[in-house]
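Trainee: this one's structure only:
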């Protein structure tokens, strides 16, 4: 597997060189830079195409691309209006534009656009498999460093001058969690739960790798990333997301409909016992890291209260550098995407994220019935939705950008419609 053009080389060498970039402390700078370099090549390709350009080589932005671009522009308007409402000056608006939009929200629209370049999905699958195998090799070293008592934090990258706070901290693969009394892997992520999220997302990608050995070890590596992070949500999501994708891509099968009917009957009969079991699971989930759960609950309550009373339309615009002592100094609006969006960007920003996510989920659900690329994207979207309740997903787009690129490839695919008499193809919505 070798890259065949410049965009493929940029994507390939970035992914397989992730650990080099991480130990340079440069991920939060290089990933957005990659997005804008790829955007330049997309716009160049679009500008240079003519009537003689073959149809398969033309850039046609899909409706889904347009939905995400418009939504993220509305998110930027909400950001600016939040700054204006609270009297923040031009300098702060510029800083927030760079750190709060260009390197986070904007990436959700830009990387899918890069799929219009000549980048093969199988190249991404192989590169992610290699990264997962690299992680599998490094995880034992992380535990050895922990047992040897080596300091987990190595240094803070000087690139922090460009903004981004703790995202520039470089760790020696692990951190000891005093709350849970466990060693938790960070690897190339800024914190352990983020690694759990990435492992869950990458598991769906490496499943599509054609080479059996790369696929097997890539899946083992992705699972090891999620479990070694000791993220409660990551451990639950790792088996749940593939099962959810399997169910959603088979729910139209006749046998699946009959099985669902019997399952519904069983759920009705054993509902009280099931509810009691789920409550017990929830209690154990919370108590597994009680102080963390308490901090998250208080953060969420404060974020909703301050959104509702202070800035219901446009939000506050920025997070405070440090929260009150009751939440261990964590900024209000962090650790939860939905409450965070309400706090930061108000009800306008909330719908600017909700609408494109629902649109994309419906499209991927339909296409995933017959498309492997869409199935990968459906896996990614379910994982993204789950972790939105524990992370600010926009701030971690620089980690899961390969998934956004694959999602853009799924946007370009045709919808296959099956009939009783023949087979035909059409677009989900006509390309613009």
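Mentor: On my side now, so go ahead. On a predicted model such as this, the values are computed, not experimentally measured, just so you know.
Trainee: and the strands in the stretch 101-250 of the chain?
Mentor: For the stretch 101-250 of the chain, applying DSSP state E, counting those that start in this stretch gives strands covering 153-156, 169-171, 174-177, 182-185.
Trainee: buried sites along the longest helix anywhere in the chain?
Mentor: Looking across the chain with DSSP state H, the single longest helix is helix 337-367. Buried residues in helix 337-367, counted by 16 or more other C-beta atoms under 10 Å: 337-353, 356-357, 360-361, 363-367. In this view, the C-beta of every residue, glycine as well, is placed from N, C-alpha and C.
Trainee: now that helix: mean pLDDT?
Mentor: For helix 337-367, mean pLDDT is 94.
Trainee: mind checking what helix or strand follows that helix in sequence?
Mentor: With elements assigned by DSSP states H and E, the helix or strand that comes after helix 337-367 is helix 372-387.
Trainee: and that following helix, what does it pack onto?
Mentor: Here helix 372-387 touches helix 192-206, helix 232-248, helix 337-367, helix 397-412, going by 3 or more C-beta pairs under 8 Å, 6 or more residues apart in numbering; DSSP states H and E.
Trainee: can you list contacts of it?
Mentor: Residues outside helix 372-387 that contact it (C-beta atoms under 8 Å, 6 or more residues apart in numbering): 121, 193, 196-197, 200-201, 203-205, 207-208, 233, 237, 240-242, 244-245, 248-249, 357, 360-361, 363-365, 367-368, 393, 400, 403, 406-407, 409-410, 413.
Trainee: stretch 115-128 too?
Mentor: Stretch 115-128 is contacted from outside by 1, 3-5, 7-8, 11-12, 15-16, 38, 41-42, 45-46, 59-61, 202, 205-206, 208-211, 214, 218, 373, 402, 405-409, 411-412, using C-beta under 8 Å, 6+ apart.
Trainee: same question, stretch 136-143
Mentor: 19, 172-174, 183, 185-187, 217, 220-221, 224-225, 228.
Trainee: would TSV of these with distance to residue 114, pLDDT and neighbour count be doable?
Mentor: As requested, those are exported to TSV (distance: C-beta to C-beta, whole Å; pLDDT from 0 to 100; neighbours: other C-beta atoms under 10 Å):
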residue	distance to residue 114	pLDDT	neighbour count
19	23	96	15
172	32	87	16
173	30	89	27
174	33	87	24
183	37	89	19
185	29	92	27
186	27	91	23
187	25	93	25
217	27	96	19
220	29	97	16
221	25	96	25
224	29	96	21
225	24	96	31
228	30	94	27
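Trainee: relative to residue 30, which of these is nearest.
Mentor: Among the contacts of stretch 136-143, residue 19 lies closest to residue 30 (C-beta to C-beta), at 12.7 Å.
Trainee: mind checking what helix or strand follows the host helix or strand of the closest one in sequence?
Mentor: Counting by DSSP H and E, the element that carries residue 19 is helix 18-23. Under the assignment DSSP H and E, the closest C-terminal helix or strand after helix 18-23 is helix 27-48.
Trainee: so which elements touch that following helix?
Mentor: helix 6-16, helix 18-23, helix 107-113, helix 397-412.
Trainee: quick one: low-confidence parts of the stretch 151-300 of the chain?
Mentor: Residues of the stretch 151-300 of the chain meeting the criterion pLDDT under 70: 163-166, 178-180, 252-293.
Trainee: now do 90
Mentor: 151-183, 191, 230-233, 247, 249-300 (pLDDT under 90).
Trainee: list only buried entries from the contacts of helix 372-387.
Mentor: 121, 193, 196-197, 200-201, 203-205, 207-208, 233, 237, 241-242, 244-245, 248-249, 357, 360-361, 363-365, 367-368, 393, 400, 403, 406-407, 409-410, 413.
Trainee: where exactly do the helices run in the stretch 51-200 of the chain?
Mentor: Applying DSSP state H, counting those that start in this stretch to the stretch 51-200 of the chain gives helices spanning 63-85, 90-97, 107-113, 121-147, 192-206.
Trainee: single out the most deeply packed of those helices.
Mentor: Across these, averaging neighbours per residue (mean count of other C-beta atoms under 10 Å) puts helix 192-206 on top, at a mean of 27.
Trainee: next, the angle helix 232-248 makes with that helix.
Mentor: 30 degrees (axes from the mean of the first three to the mean of the last three C-alpha atoms, to 10 degrees).
Trainee: tell me what helix 192-206 is packed against?
Mentor: Against helix 192-206 (3+ C-beta pairs under 8 Å, 6+ apart) you get helix 121-147, strand 182-185, helix 212-228, helix 232-248, helix 372-387, helix 397-412.
Trainee: for the record, mean pLDDT for stretch 59-75?
Mentor: Here the average pLDDT along stretch 59-75 is 94.
Trainee: show me how far it is from its chain's centre.
Mentor: 18 Å (C-alpha atoms, centre = their mean, to the nearest Å).
Trainee: so what touches it?
Mentor: Counting by C-beta under 8 Å, 6+ apart, residues outside stretch 59-75 touching it are 42, 45-46, 49, 101, 105-106, 108-109, 112-113, 116, 345, 348-349, 352-353, 355-356, 359-360, 363, 408, 411-412, 428-429, 431-432.
Trainee: sorry, back to before: could I get the helices and strands packed on helix 192-206 as TSV with distance to residue 25?
Mentor: Listed next are the helices and strands packed on helix 192-206 as TSV, based on distance: least, C-beta to C-beta, whole Å:
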stretch	distance to residue 25
helix 121-147	17
strand 182-185	18
helix 212-228	20
helix 232-248	24
helix 372-387	24
helix 397-412	13
